[in-house]
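>>> What follows is a predicted structure for the sequence shown.
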Amino acid sequence: MLSATSAIKEQVRAPKDFFLLENANLHNLKNVSVKLPLGVMCGIAGVAGSGKSSLMECFRNAYPHPEHIVYISQKSIGISLRSTPATYLDVADDIRKLFAKTNKTKADLFSFNGKGGCPVCQGKGVIVNDMAFMDAIETTCEACGGLRYSPEVLSYKVNDLNIAEVMDLTANKASELFAGSVIAEKLEPLRKVGLGYLHLNQSLSTLSGGELQRIKLASYLRDAGKIFIMDEPSDGLHAGDIRRILNLFDTMVDAGNTIFLIEHNIEMLKSCDWLIELGPGGGAMGGDIIFEGTPKAMAEDKGSVTGPYLRVN
């Protein structure tokens, strides 16, 4: 994987339109004007400190419809002991409502964060013992066996499964069990990003960086007509995960979205439809637009700093 390289994208999408950003002068930007393509995947390239993030911030401030812009940073998606695919994709509420309707009781009873939680571990499934001079120690709760729910809640069933058993299903299994329902509909993006093997109750803290990136993107797969600005989405990812992420980006663009990637990763830049490069250096030596065009044109441009790296196969 480390030695594998991809070819520069030849069949690029043509921009559906351009947004003219004029006289951008935030931080080290030197009063630059640039045409930002819409309806394609555009890479914002340049050395560290060249003004890439500043350019995108100016775009966000200048675009007349800010509600259409989705900014995705490198920050985590809010990992905690209680974060799971079911809670993150907002499918847990639908499962609770189904249990409540089937068993003629209240939905909040089926939440391990509330009334339905194990009274010993408060719905965490583990007992956390803080140690004074070392990391905290987690042990499985003996009262609930790690299931997180109280005995009363576990007595209620849907399709012969209790709430803990349903939450322990993989996204693939749950989609089959609840086919045609809103539950299956909300889980479909997770399956599309190749994470159908995740259990609904699986702690997000157990996921790899690539899986976290994909579950983050899964929540946006049903969007159309949006502009996504992603700050180094390849950061920390395995080469195989980068290829999977690129396939997702292509799916999102084909659905009618625009994607701007603030990137250093050459494999990602090769896969873009359009590239804008800032530089030539960082800080006071940057802040200028030194290239606009396709990846192939950048590779042939003698003034581009990134271009020579695109040519290396």
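Okay, I see it.
>>> gap between residue 210 and residue 247?
12 Å (Cβ to Cβ, to the nearest Å). (C-beta placed from N, C-alpha, C; glycine too.)
>>> Among the two, which residue is more densely surrounded?
Between residue 210 and residue 247, counted using other Cβ atoms under 10 Å, residue 210 has the larger neighbour count: 20 against 14.
>>> any idea how far residue 269 is from the residue sitting nearest the centre point of the chain?
Here the mean C-alpha position of the chain is nearest to the C-alpha of residue 216 (Cα atoms, centre = their mean), at a distance of 2.8 Å. Between residue 216 and residue 269 the distance is 21 Å, computed by Cβ to Cβ.
>>> hey, what's the nearest residue to residue 263 once chain neighbours are set aside bridged with?
Using Cβ to Cβ, 6 or more residues apart in numbering and skipping the chain neighbours, the partner closest in space to residue 263 is residue 43 (5.4 Å). Beta bridges link residue 43 to residue 261, residue 275, judged by DSSP bridges.
>>> from memory residue 43 sits against residue 266, does it?
No - contact criterion Cβ atoms under 8 Å: residue 43 and residue 266 do not qualify, at 10.0 Å.
>>> between these two, who's got more neighbours?
residue 43 (26 against 18).
>>> do you know how far the more buried one is from residue 273?
Here the criterion is Cβ to Cβ. By it, residue 43 lies 9 Å from residue 273.
>>> can you check residue 70 too?
For residue 70, the distance to residue 273 - Cβ to Cβ - is 19 Å.
>>> More neighbours: these two, which one.
Remark: of residue 70 and residue 273, residue 273 carries more neighbours, 21 against 14, as counted by other Cβ under 10 Å.
>>> who's in contact with the more buried one?
9, 12-15, 37, 40-42, 253, 294 (Cβ atoms under 8 Å, 6 or more residues apart in numbering).
>>> what do you get if the cut-off is 7 Å, keeping everything else the same?
By Cβ atoms under 7 Å, 6 or more residues apart in numbering, the contact set of residue 273 is 12-13, 40-42.
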